[in-house]
Each structure stands twice: as C-alpha cells, then as structure tokens.
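Colleague: Take a look and give me a structure for this.
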Amino acid sequence: MQYRADLKSGNKLSILGFGCMRFPKSLTKTDIAKTEQLIIKAVQEGVNYFDTAYIYGESESVLGSILKKNNLRKDIFLATKLPLSKCKSYDDFDALFKTQLERLHTDYLDYYLMHNLSDMALWEKLCSMGIEKWIAEKKASGQIKHIGFSFHGIHSEFLKILDAYDWEFCQIQYNYININYQAGMAGLKKAAEKGISVVVMEPLLGGKLATGLPKKAVARFNVENASLSPVAWALRWLWDQKEVSVVLSGMNEMSQLDENIGLAKDAVPDMLTKAENDAYEAVIKIINATYKIPCTGCNYCMPCPYKVNIPDCFSAYNVSYTTGMASGLPLYLTSVGILNPVNNFAASQCKKCGLCEKNCPQNIPIVASLEKVVKRLEPFWVKILIKIMLRSMR
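Modeller: Below you'll find the predicted structure:
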C-alpha cells in the first residue's frame, strides 16, 4: 500500500480509502458477515482511511460494531460527517455528534466533515448558529482531530469556502470525466496550494466508469494497455496527481477490494506515460461525443444572476443519457442543491434572461437546453419526491 502525508498533520494516509456508503447487502439489510470480511482484509492490506456519514443508513453502526469486535479502531483513521440538513440550532450539533460517537463505538473522530457544504450561504448560516465555537470546543477536547468539508456545488463557491475557515482537509467529487465539474481540477490544485489535503469521492462515477463506458472508449484504452481494466484506468489517473491524498472506493465485493489494493501498491505521482495520457484524452472525446448538450464545463456562462448551476445541470443531463437515469438523477439532485436548506441552483430557477448565451464559446442555446433539463430531471414525480425528502429533514 502506498501512503501520502496529510498536508496539515503529517498523518500517513493510505491512497486507497474505504468508502462505506455501499456496504454489501442481503436483501435490504447490510450483509454483516461479508462486510466484516471486507473491512478486516482491507485493514490487513494497509487501508487505513474509512469514510462514512450519519445519513448512510446503517453504515456508521455497522462499521462501528465491526471495528469494536475486531479491535481495529486504533489501526485506522475514521471519518464521518455532520448532517447539515438536520442542524437547526447549536444544540443539534452536540446531539447529532453524540449519536455518531455511539454508533461508531468511539470517543473521538480522526476526520470530521461538514456534509455537503455546497455554498457560502450555508456556511454563513452555520456560523450564525455557532458552528465555529462548537468545532473549537470539540478540537480542544480531542473529540475531533481534523476538520473538513465535503462539497457538491459550483467552482466559485468552493473557492469561497476554502478561504472562509482554517480547514484541514476537504472531499470532492473528481474523476477524468469531471475535470471541470464542481470543484474540479482547479479546485483540487487550489486546495493543495493552501495546504489542504483532498479526499476524492466518486472516482468511478458511481461505477459507471467501471461498467458503463461506451465500447469505443474501452477499445481505445485497450489499444494502449489491454491488461488494465476500466477501473484501473480511472484510479491510476487520480493517483497520478500528487494533490490527491486519498481516493475513496465503495468496495462491496472481495474481487473489487483485491483489484484496488493491487493497483494501490505501486501507484505514485507522475507515473503515467504520454501515451497513457493521450489515451485518456481520446476517451474523454469519445464520451463527450455522446453528450446531448455539448457543454465542456468551461464556466464562461457563470455566474448566473438567478444562481442556476448551468454546467452541472448539463453534466447531469448528459450523464442521464450516457450512463442512465440511475446515475444522472442523483448527480443532478446533489450538484444543483435542490435539497439545500438555504439555496438551490436547479434548471427550473432559470428566468430566461439570456445573459449566459452571450458568453458561451460553444454557442449552446442555454435557455432552451435548460428547459430540456427540467423536463427530464425535474418531472412531476421527482418534485413530489423532493417535497417528501424535504419534509423528512424538518
């Protein structure tokens, strides 16, 4: 296993992290025995960063029980997240945190994140509730070792959040298709410049870069190196970048764990050859050619005066066609912040002012294209689902 130093603490973090959102299932419940085997094997092979969250169903409780039973807590760095949508007052911070410690059978957390901190307005709301004082108290007591945030939002908001607090790490969605998506490569490099370690989520775009690539894309990778799987191509692209500290993978099969561990044993920065980088460029072009809306994510259309997250609306729309609604719709709901208690940046917010179209180098009919996004990704049943979910968060 290769390790990279946390830029703030110097902790040696395994470049492969265990994402605990998708533990193996037996019917609708977590398969405890199978999950335990995976976790034990991962720790034995050197994986030392485990990431979960309050809202990941049984994840915290299952992980905590397995760590306690096998006496593994001190062998790993444990990360979980404060569910911001459930925070209505200062007292909620403590109540939620206490529940998480109980679920995880621990009295401290190595890495703690503000979950889905997607814009400055939300951070300012948390500050008005006393979050900075609360974090300081938990750090002083040793209950939180390192503080960070996970991000789903537009690039400009990511940069503002980076500067708003003395963060020690952050977590972003990033892969070779999402170079200009959300925080993007520019955000990754900016965080590293500030000495903030970056944990990467969705390296396989929910598995779609493993099993959902166009046949032409797979064939192009095979021309360069047929011995590498699509998973290997996706992970190696990330580990090639020195700014990436940890790549999270939601491994729910032993074969997935074995493959990823094998890849992580010799992955180092700047390992890719020119020919391999050329292969990525070719594959990106193949995938982009399948897009319904030819948006490159350049962000020249931003900021929208009505806060529509135009590039991410188009990205989710395109994904809904290239790899299916099962990945496109969740991508849309998270990236445009429809469930955000402060703001949302959905396509339906568009007022058709046309300012964006004047700045688009691709000459995309943005207003008409946003109407297509609404029709596909905000149909009546999605709006009903959103209302139900928002009600459950109150």
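
Colleague: For the rest of this, base every contact and every neighbour count on C-alpha atoms.
Modeller: Will do.

Colleague: domains of the protein?
Modeller: 3-280, 310-393 (automatic domain parsing).

Colleague: Mean pLDDT lowest where, among the ones you listed?
Modeller: Lowest mean pLDDT of these: domain 310-393, a mean of 80.

Colleague: next one: that domain to chain centre, how far?
Modeller: The offset between the C-alpha centroid of domain 310-393 and the centroid of the whole chain comes to 18 Å, using C-alpha atoms, centre = their mean, to the nearest Å.

Colleague: ditto for stretch 236-255
Modeller: Centre-to-centre, stretch 236-255 and its host chain are 12 Å apart (C-alpha atoms, centre = their mean).

Colleague: What residues of it count as buried?
Modeller: By 16 or more other C-alpha atoms under 10 Å, the buried positions in stretch 236-255 come out as 236-239, 241, 243-252, 254.

Colleague: from the residues you listed, which is closest to Ala217?
Modeller: Trp237 (15.1 Å; C-alpha to C-alpha).

Colleague: Tell me the spacing between Gly148 and Met114.
Modeller: Distance from Gly148 to Met114, counting by C-alpha to C-alpha, to the nearest Å: 6 Å.

Colleague: So for the two, which sits in the more crowded spot?
Modeller: Of the pair Gly148 and Met114, Gly148 is the one with more neighbours under other C-alpha atoms under 10 Å, namely 24 against 21.

Colleague: you'd agree the more buried one is up against Ile172?
Modeller: No. Under the criterion of C-alpha atoms under 8 Å, Gly148 makes no contact with Ile172, lying 11.0 Å away.

Colleague: Please convert the domains of the chain to CSV, extending it with distance to Ala289.
Modeller: Listed next are these as CSV, based on distance: least, C-alpha to C-alpha, whole Å:
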stretch, distance to Ala289
domain 3-280, 10
domain 310-393, 10
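
Colleague: To Ile287, which of those domains lies closest?
Modeller: That would be, of these and by C-alpha to C-alpha, domain 3-280, which comes in at 7.0 Å.

Colleague: for the closest one, how far is the first residue from the last?
Modeller: Taking C-alpha to C-alpha, domain 3-280 runs 25 Å from one end to the other.

Colleague: From the chain's centroid, how far away is it?
Modeller: Centroid displacement of domain 3-280 relative to its chain, using C-alpha atoms, centre = their mean, is 7 Å.

Colleague: For the residue nearest to Arg236 when sequence neighbours are not counted, which three-state class applies?
Modeller: Beyond its immediate neighbours in the sequence, the residue positioned closest to Arg236 (C-alpha to C-alpha, 6 or more residues apart in numbering) is Ala267, lying 6.7 Å away. Following DSSP: H, G, I helix; E, B strand; the rest coil, the label given to Ala267 is coil.

Colleague: Ramachandran angles for Ala267?
Modeller: In terms of degrees, to the nearest 10, the main-chain angles of Ala267 are phi -90, psi 120.

Colleague: From here on, call the first residue 809.
Modeller: I'll keep to 809 as the first residue from here, and by that count the last item is Ala1075.

Colleague: Now for it: which residues touch it?
Modeller: For Ala1075, the contacting residues are Gln810, Arg1044, Trp1047, Asp1048, taking C-alpha atoms under 8 Å, 6 or more residues apart in numbering as the criterion.

Colleague: Just the residues you listed: which are in helices?
Modeller: Among these, the ones falling in helices (DSSP state H) are Arg1044, Trp1047.

Colleague: Export the contacts of Ala1075 to a markdown table and append columns for distance to Ala929.
Modeller: Supplementary listing: the contacts of Ala1075 in a markdown table, determined by distance: C-alpha to C-alpha, whole Å:
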| residue | distance to Ala929 |
| --- | --- |
| Gln810 | 38 |
| Arg1044 | 36 |
| Trp1047 | 33 |
| Asp1048 | 34 |
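
Colleague: what's the closest of the contacts of Ala1075 to Ala841?
Modeller: When the contacts of Ala1075 are ranked by distance to Ala841 (C-alpha to C-alpha), Gln810 comes first, at 27.5 Å.

Colleague: pretty sure the closest one contacts Asp1074?
Modeller: Yes. Because the distance of 6.8 Å satisfies C-alpha under 8 Å, Gln810 is recorded as touching Asp1074.

Colleague: Pick out whichever of these two has more residues nearby.
Modeller: Set Gln810 next to Asp1074 and count neighbours by other C-alpha under 10 Å: Gln810 wins out with 18 against 12.

Colleague: Surely Tyr1114 is within a helix?
Modeller: No. Under the criterion used here (three-state DSSP), Tyr1114 is coil, not part of a helix.

Colleague: which SSE is Ala841 in?
Modeller: Here Ala841 sits within helix 840-852, counting by DSSP states H and E.

Colleague: what does that helix rub up against?
Modeller: Helix 840-852 is contacted from outside by Phe826, Phe831, Pro832, Val870, Ile874, Asp883, Ile884, Asn1060, Glu1061, Met1062, Leu1065, using C-alpha under 8 Å, 6+ apart.

Colleague: Mind checking which of those residues land in strands?
Modeller: Mapping the contacts of helix 840-852 onto strands (DSSP state E) picks out Phe826.

Colleague: Just the buried ones from the contacts of helix 840-852?
Modeller: Judged by neighbour count, with 16+ other C-alpha under 10 Å as the criterion, the buried members of these are Phe826, Phe831, Pro832, Val870, Ile874, Ile884, Asn1060, Met1062, Leu1065.

Colleague: Can you lay out the residues you listed as CSV showing distance to Gln951?
Modeller: As requested, the buried ones among the contacts of helix 840-852 are arranged in CSV below (distance: C-alpha to C-alpha, whole Å):
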residue, distance to Gln951
Phe826, 22
Phe831, 26
Pro832, 30
Val870, 21
Ile874, 21
Ile884, 15
Asn1060, 29
Met1062, 33
Leu1065, 30
